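>>> any chance you can model this:
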Amino acid sequence: MNSTTPVNLIAIDDDIQSLELITEALRDSEVEVTSFTDPGTALQSVWENTPDIVVLDLVMPGYDGMEMLARIVERSPETQVILLTGHYSTESAIEAIEKGACDYLTKPISLPDFRLRVNRLVREARDRRAAKATDQQLLDANRFEGIVGQSPVMREVFARIRRVAPHFRSVLITGATGTGKELIAQALHRLSPVASGPFVVFNCSAIVETLFESELFGYVKGAFTGADRDRAGLFEHANNGTIFLDELGDMPLSMQSKLLRALQNREIRRVGSTDVRNVNVRVVAATNRDLPRMIADGMFREDLYYRLSMVDIQLPRLSERKEDLPLLVRHFTQAFSQLYAKPIQGLTARAQALVASYWWPGNIRELENVLGNACMMTRDKFIDVRDLPECVRSDRSGAGDGSSPVMSLAELERSHAHRTLKRLQGNKVKTAAAMGISRATLYRLLEETDTELSVSV
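Predicted coordinates for the structure are as follows:
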């Protein structure tokens, strides 16, 4: 809908003469009037068409005008409602305004005054359309390789990707769970000289230790029980392309030296073979772990860390880039609206306020999961508070508002994991899915809490 599209007005009144008067009053205006004497049919039209303005009679047989007002405002929050009544009272006027009416008029209405008030709402409707168009232009202008962001910290990330992509051989991406590390890896690949080559993903937290070497480097027939044929590893599949090593911090120490050798020499050896194979592979590794701390604890090789971190791209948490939140909400809402073939137009004002105040411990991935679920479940064109999950509605962490003791980000992440696990009755599979993290990451968060408890005792 653009600025030249007529503003839609639905008039609901059981008095035909009143409807004719409204229609006649707006005949020469830029308003398209549809009138109904049956409130039930009128409400159905409101749900289907989302009019800009509704003129609603307060008293109709079998219908409570105040209740209809509340339902319209709840399900169609951008619709402006003018309430008409033949029996004015201060109490009902106050109640109407509190329930969301933009105006309250007494019958018989003054036609010049009515036109004046409607014209004001017409201008506001056109301003909202213009604002929506601007918001869309802003979203389109702030997409970088499929990544949404306008905050200074994300602009710096985008600039770093542009500088690094044409030249890198290995890159380390660090950031908390759900901050979009794989999207950054894909952007690096697409902007690199090997963009036409393969992009191969290997999740280090999803593979048992005994299979690491054969998965990455392949094996020859007879190398071990069950090896009935030669098989290429992921490094060979990624030849002349990029391999993305996700959750690098979960790679076993015994495998790290072999990865280092592959990075240094650009060559691999299949399990069970003495033949060396050269590979032209760019390597992007990502982790949410504190690798320097793991090095100090003897859990990660220092030489591998320095080999990978020659180029280090650090991603901020969503709480550190809150100015990107409206763009991200619009981006995901549009995507899921299209995916589910539902005409979702955005969030209600109170849902927006709740989303803005929540601290998003699961970062972008949690936001995507929450909005995806809300878009699937909502029956309306606007996502409301009731469509958001209980963990968002009932959050009382006070993160960032000074209402609770200061906690580190790691402590907040562990606390959120335990609250979600408790809410889902101990089901770790559902907890990991709800938080948008892998089960291995969830187990680590729970283990870290247990370790801290045992030390404190």
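>>> tell me if residue 249 really is in a helix.
Yes: counting by DSSP: H, G, I helix; E, B strand; the rest coil, residue 249 falls inside a helix.
>>> how close does it sit to residue 294?
For residue 249, the distance to residue 294 equals 6 Å [C-beta to C-beta, to the nearest Å]. Every C-beta, even on glycine, is put in place using the N, C-alpha and C of the backbone.
>>> what do those two both touch?
Residues touching both residue 249 and residue 294 (C-beta atoms under 8 Å, 6 or more residues apart in numbering): residue 300.
>>> the two: who's more crowded?
residue 249 (21 against 17; other C-beta atoms under 10 Å).
>>> quick one, what contacts that one?
204, 287-289, 291, 294, 300 are the contacts of residue 249 under C-beta under 8 Å, 6+ apart.
>>> could I get the contacting residues of residue 58?
65-66, 83-85, 87, 92, 96.
>>> ok, 7 Å please
For residue 58, the contacting residues are 65, 83-85, by C-beta atoms under 7 Å, 6 or more residues apart in numbering.
>>> and those residues, which are buried?
Buried subset of the contacts of residue 58 (neighbour count, 16 or more other C-beta atoms under 10 Å): 65, 83-85.
>>> nearest to residue 386 among the contacts of residue 58?
Using C-beta to C-beta, residue 65 comes nearest to residue 386 of these, at 23.4 Å.
>>> my read is that the closest one contacts residue 59, right?
Yes: counting by C-beta atoms under 7 Å, residue 59 is a contact partner of residue 65 at 6.1 Å.
>>> what distance do you get for residue 77 to residue 10?
Noted for residue 77: a distance of 16 Å to residue 10, by C-beta to C-beta.
>>> please confirm that residue 210 is located within a strand.
No: per three-state DSSP, residue 210 lies outside any strand segment and is helix.
>>> point out where this structure drops to low pLDDT.
1-4, 395-413, 433-436, 438, 448-457 (pLDDT under 70).
>>> give me the domain ranges for it.
7-139, 148-314, 318-456 (automatic domain parsing).
>>> can you give me the neighbour number for residue 141?
Counted with other C-beta under 10 Å, residue 141 comes out at 9.
>>> give the helix, strand or coil label for residue 227.
coil.
>>> next one: residue 201
On the three-state scheme (three-state DSSP), residue 201 is labelled strand.
>>> who touches the closest residue to it other than its chain neighbours in this structure?
Spatial nearest neighbour of residue 201, excluding adjacent residues (C-beta to C-beta, 6 or more residues apart in numbering): residue 244 at 4.8 Å. With contact set as C-beta under 7 Å, 6+ apart, residue 244 has these partners: 182, 185, 199-202, 284.
>>> please repeat the previous calculation with a cut-off of 6 Å.
185, 201, 284 (C-beta atoms under 6 Å, 6 or more residues apart in numbering).
>>> residues near the second one, how many?
Spelled out, that is residue 201. What residue 201 shows, counting by other C-beta under 10 Å, is a neighbour count of 15.
>>> I figured residue 214 hits residue 271, correct?
Yes: taking contacts as C-beta atoms under 6 Å, residue 214 lies within contact range of residue 271: 4.9 Å.
>>> before we move on, back to that, weed out the non-buried ones from the contacts of residue 249.
The buried subset of the contacts of residue 249 (16+ other C-beta under 10 Å) comprises 204, 287-289, 291, 294, 300.
>>> using TSV, lay out those residues together with secondary structure and distance to residue 48.
Converted to TSV, the buried ones among the contacts of residue 249 look like this (DSSP: H, G, I helix; E, B strand; the rest coil; distance: C-beta to C-beta, whole Å):
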residue	secondary structure	distance to residue 48
204	helix	50
287	strand	49
288	coil	45
289	coil	51
291	helix	55
294	helix	57
300	coil	58
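>>> quick one, strands of the stretch 1-150 of the chain?
Under the criterion DSSP state E, counting those that start in this stretch, the stretch 1-150 of the chain carries strands at the ranges 7-12, 31-36, 53-57, 59-60, 63-64, 80-85, 103-106, 143-144, 147-148.
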